[in-house]
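Chemist: this is a predicted model, with the sequence first.
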Amino acid sequence: MFAPLMAAAVHDPDPGFCLWFVEPAVYAFGRRRVMAVLVEYLRTGTAAERAGAERAWYYAHVPLRPDRSPAYGRGAIRDPALDDTGDTEAAWREARRQLPLHNLG
């Protein structure tokens, strides 16, 4: 289900609606995986997909709350690497730097 969720997030033209796809992907698959695929859309996607990745990137930073998923509740066991985004954020910045200026929002 990951690929369809992310494709829907990137291809939805309404910036507010892509949250409906990004948030469950973050909770189910981890922030790191979501951000990594958005980096790939930014690097290799069409102009429309790059714009969609920009919109989805904002929502990939959704706060992780225990009332949304027991995986983030008190005493929950969740691999912290799923949400570690240091290298993906650096990759995002680098991919944005490499885009022509007219493609940046």
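Modeler: Here it is on my side, so go on. Residues are numbered from 1 along each chain as shown.

Chemist: any idea how far residue 65 is from residue 3?
Modeler: The gap separating residue 3 from residue 65 is 25 Å, by CB to CB, to the nearest Å. C-beta here means a position set from N, CA and C on the backbone, and glycine is covered the same way.

Chemist: now do residue 25
Modeler: Residue 25 is 16 Å from residue 65, by CB to CB.

Chemist: and residue 16, by the same measure?
Modeler: Noted for residue 16: a distance of 19 Å to residue 65, by CB to CB.

Chemist: quick one, what contacts the nearest residue to residue 12 once chain neighbours are set aside?
Modeler: Counting by CB to CB, 6 or more residues apart in numbering, residue 18 is the residue found nearest to residue 12 once chain neighbours are left out, at 4.8 Å. Residues counted as contacts of residue 18 (CB atoms under 8 Å, 6 or more residues apart in numbering) are 8-10, 12, 52, 55-56, 59.

Chemist: in a markdown table: these, plus secondary structure and neighbour count.
Modeler: As requested, the contacts of residue 18 are exported to a markdown table (DSSP: H, G, I helix; E, B strand; the rest coil; neighbours: other CB atoms under 10 Å):
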| residue | secondary structure | neighbour count |
| --- | --- | --- |
| 8 | helix | 17 |
| 9 | helix | 28 |
| 10 | helix | 26 |
| 12 | coil | 18 |
| 52 | helix | 25 |
| 55 | helix | 21 |
| 56 | helix | 28 |
| 59 | helix | 21 |
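
Chemist: nearest to residue 78 among those?
Modeler: The closest of these to residue 78 turns out to be residue 59 (CB to CB; 19.9 Å).

Chemist: got the contact list for the closest residue in space to that closest one that isn't next to it in sequence?
Modeler: Leaving aside its sequence neighbours, residue 59 sits nearest to residue 22 (CB to CB, 6+ apart; 4.1 Å). Going by CB under 8 Å, 6+ apart, residue 22 touches 5-6, 9, 34, 56, 59-60, 62.

Chemist: got the contact list for residue 11?
Modeler: So residue 11 contacts 48-49, 52 (CB under 8 Å, 6+ apart).

Chemist: how close does it sit to residue 46?
Modeler: Counting by CB to CB - residue 11 and residue 46 are separated by 10 Å.

Chemist: and if you look at residue 64?
Modeler: 31 Å.
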